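J.: Could you work out the structure for the sequence below:
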Amino acid sequence: MNSENNLGKKEGDSGFAPAASPTAATTIITHDDAILGGETTINTQGENMPAWFARPKEAKGALPVVLVVQEIFGVHEHIRDICRRLAAEGYLAVAPELYFRQGDPSEYSDIKQLLDNVVSKVPDAQVLADLDHVANWAAKHGGDMRNMAITGFCWGGRIVWLYAAHNPQLKAGVAWYGRLVGEKSMKQPKHPIDIAVDLNAPVLGLYGAKDEGIPLESVDSMRQALHAANATAEIIVYPEAGHAFNADYRPSYHAESAKDGWQRMLAWFHQYGVKPTSK
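T.: This is a model prediction of the structure:
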C-alpha cells in the first residue's frame with residue numbers, strides 16, 4: 001500500500017467536508033492498484049442510502065467485512081481513505097452515509113451548524129437499522145456476514161459500542177474516541193456506558209488522555225461498567241493524544257498514537273476471527 005500527502009489541492013475540490021477545512025499537510029491519501037473502490041447505494045427501510053466501499057480487486061471466496069462509521073463530517077475523503085486502507089489489508093469495507101435523511105454535511109462550513117441542523121437530528125435506532133442493511137448489502141456483494149467487524153470515529157466511535165450490543169452476528173468492534181456518557185433523549189435513549197452489560201461482540205476502545213470532550217473520568221466509568229458486566233472489552237488511552245488523533249487531515253492528528261491504534265485495531269480483528277484468509 002502506498003500513501004502520499006494530499007498537497008496541492010484547493011479547498012472545495014479535495015473531497016473533504018467544508019466544516020473540516022483547511023486540510024493539514026499530514027493528510028494521507030492511499031493509492032493501491034490492487035484495490036477497487038467507489039460509490040454505491042444501499043436499500044434500507046424503503047430508501048436508497050449512499051455509501052462508499054472498497055475491496056481487493058482479486059479475492060478468493062467471501063471477504064471479511066468491516067462496517068466503517070463516519071465522523072460528524074460524514075463520508076468525506078478521510079473516511080473513504082479509511083475504507084481504502086482496510087481494503088489494502090484484505091477487507092471489504094463499507095461506509096454508509098448515515099445522515100442522508102437529515103441532511104448533507106458537505107453543505108455546511110460551520111461545525112456548530114452542522115451539529116445543530118443535521119447530526120443532532122439523527123436517531124440511534126435509525127442508524128442501527130441502517131447498519132443492519134449495510135451488513136446485508138455486504139453479504140450480497142462478496143462479503144461474509146459471519147466474518148464481520150465494525151469501526152468508527154468520533155460520532156461513529158459511539159455508534160460502534162451501540163452496534164456491538166445490537167447485532168449478535170458482529171464478531172468485533174473498534175471504537176475510536178467515541179463519547180461514552182451523555183444526556184439521554186428520544187433520539188439517544190442510551191449511551192455506551194448503559195449497554196456495557198449487553199455487548200455481543202468484543203470491543204476495543206481507543207482514546208486520548210488530552211481529549212477535552214471525553215474526560216478521563218468518563219473513560220474510567222466505562223472501564224468500571226465493562227468490568228462489572230464481565231464484558232470482553234479493552235480501552236487504551238494514549239497519553240499524548242487528544243480528540244480525533246487519527247484524523248491525519250486535521251491539526252489534532254497524533255501520528256504515533258494513530259499508527260499504534262491502527263495496528264491494535266487490525267490485531268483485535270484478527271484475534272476475534274475477522275481476518276482475510278491470507279493473513
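J.: Tell me which residue is most central in the protein.
T.: With distances taken as C-alpha atoms, centre = their mean, the chain has residue 152 as the residue nearest its mean C-alpha position (1.8 Å).
J.: Let me know the secondary structure of it.
T.: Secondary structure assignment for residue 152 (DSSP: H, G, I helix; E, B strand; the rest coil): strand.
J.: Quick check, it in contact with residue 162.
T.: No: look at residue 152 against residue 162 with C-beta atoms under 8 Å: they stay out of range, at 9.7 Å. Bear in mind the C-beta positions are built from the backbone N, C-alpha and C, glycine included.
J.: wait, what's in contact with the residue nearest to the centre of the chain?
T.: Residues in contact with residue 152 (C-beta atoms under 8 Å, 6 or more residues apart in numbering) are 68, 69, 70, 158, 159, 160, 175, 176, 178.
J.: Quickly check those residues for the two that are furthest apart.
T.: 68 and 158 (14.4 Å; C-beta to C-beta).
J.: in the stretch 151-279 of the chain, which spans are strands?
T.: Counting by DSSP state E, counting those that start in this stretch, residue ranges of the strands within the stretch 151-279 of the chain are 172-176, 203-208, 233-238.
J.: Single out the most deeply packed of those strands.
T.: The highest mean neighbour count among those, using mean count of other C-beta atoms under 10 Å, belongs to strand 172-176: a mean of 29.
J.: Show me what it is packed against.
T.: strand 143-153, helix 155-166, strand 203-208, helix 255-271 (3 or more C-beta pairs under 8 Å, 6 or more residues apart in numbering; DSSP states H and E).
J.: what about the ones you listed, which gets the closest to residue 18?
T.: helix 155-166 (16.9 Å).
J.: re the thing from before, and of the helices and strands packed on strand 172-176, who's closest to residue 25?
T.: Of all the helices and strands packed on strand 172-176, helix 255-271 comes closest under C-beta to C-beta, at 12.0 Å.
J.: how many degrees apart are that closest one and strand 172-176 in direction?
T.: 170 degrees (axes from the mean of the first three to the mean of the last three C-alpha atoms, to 10 degrees).
J.: how about the CA coordinates for helix 255-271, as PDB?
T.: What follows is helix 255-271, C-alpha atoms only, in PDB (Å, rounded to 0.1, in the frame of the first residue of the first chain):
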ATOM      1  CA  ALA A 255       0.900  10.100  14.200                       C
ATOM      2  CA  GLU A 256       2.500   7.800  16.800                       C
ATOM      3  CA  SER A 257      -0.900   7.200  18.600                       C
ATOM      4  CA  ALA A 258      -2.700   6.800  15.300                       C
ATOM      5  CA  LYS A 259      -0.300   4.300  13.900                       C
ATOM      6  CA  ASP A 260      -0.300   2.200  17.100                       C
ATOM      7  CA  GLY A 261      -4.100   2.400  17.200                       C
ATOM      8  CA  TRP A 262      -4.400   1.100  13.600                       C
ATOM      9  CA  GLN A 263      -2.200  -1.900  14.300                       C
ATOM     10  CA  ARG A 264      -4.100  -2.600  17.500                       C
ATOM     11  CA  MET A 265      -7.300  -2.400  15.500                       C
ATOM     12  CA  LEU A 266      -6.100  -5.000  13.000                       C
ATOM     13  CA  ALA A 267      -4.800  -7.200  15.700                       C
ATOM     14  CA  TRP A 268      -8.200  -7.000  17.500                       C
ATOM     15  CA  PHE A 269     -10.000  -8.000  14.300                       C
ATOM     16  CA  HIS A 270      -7.600 -10.900  13.800                       C
ATOM     17  CA  GLN A 271      -7.800 -12.100  17.400                       C
END
